[in-house]
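K.L.:
Have a look; sequence and predicted model below, questions after that.
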Amino acid sequence: MTMNHSKGLRIGYWAVTGLLCLQLGFTAYAQLSLPQVAEAFAHLGFPDYFRIELSLAKFVGVALLLSPVPARLKEWAYAGFAFDLGSALIAHLAVGDGPEAWGWAAGTFVLWALSYLSWRVLSSAPLAR
């Protein structure tokens, strides 16, 4: 890998990861403070305490993605976000919501994939077995 390609990849990684963390941080904040988001969780059939737990877990995951922590911790954060975003899509589809409800989760999943794949390339770490 050339130095320029590597630098460009690092810039791309941090740009996408920054957007991902902004999106996840905003949704965590919204889940804790906006009544319409609490209503959306109730609409999906989730108990209120789950909304709070999920928000706190998102804040921890965002901190892990932005911090210089061991690769294993970043893997756990990425895995947690994959479960979160995949479950959000499934929950919205299960209750018959349209793209206006699940579109944010789908878009955030695209950011997740770009961030995760570029991190894998940059870290050159083998996939967990």
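P.N.:
Received the coordinates, thanks. Numbers count the residues shown, from 1 in each chain.
K.L.:
Pretty sure Leu89 sits against Trp102.
P.N.:
Yes: using C-beta atoms under 8 Å, Leu89 is in contact with Trp102, at 5.4 Å. Yep, even glycine has a C-beta here, placed from its N, CA and C like the rest.
K.L.:
so for the longest helix seen in the chain, what's the average pLDDT?
P.N.:
With secondary structure taken from DSSP state H, the chain has its longest helix at helix 3-33. Per-residue pLDDT over helix 3-33 has a mean of 89.
K.L.:
elements contacting that helix?
P.N.:
For helix 3-33, the elements it packs on are helix 35-44, helix 48-66, helix 99-123, judged by 3 or more C-beta pairs under 8 Å, 6 or more residues apart in numbering; DSSP states H and E.
K.L.:
Buried ones in the last one, by neighbour count?
P.N.:
Taking 16 or more other C-beta atoms under 10 Å as the basis for neighbour counts, the residues of helix 99-123 that come out buried are 101-102, 104-105, 108-109, 111-112, 114-116, 118-120.
K.L.:
give me the number of residues near Ala40?
P.N.:
Residues near Ala40, counting by other C-beta atoms under 10 Å, number 18.
K.L.:
Mind pulling up the pLDDT for the spatially closest residue to it that is not a sequence neighbour?
P.N.:
In space, and not counting its chain neighbours, Ala40 is closest to Ala101: 7.5 Å by C-beta to C-beta, 6 or more residues apart in numbering. If you check Ala101, the pLDDT there is 84.
K.L.:
What of Ser124?
P.N.:
For Ser124, the predicted pLDDT is 73.
K.L.:
From Phe81, how far off is it?
P.N.:
Per C-beta to C-beta, to the nearest Å, Ser124 is found 21 Å from Phe81.
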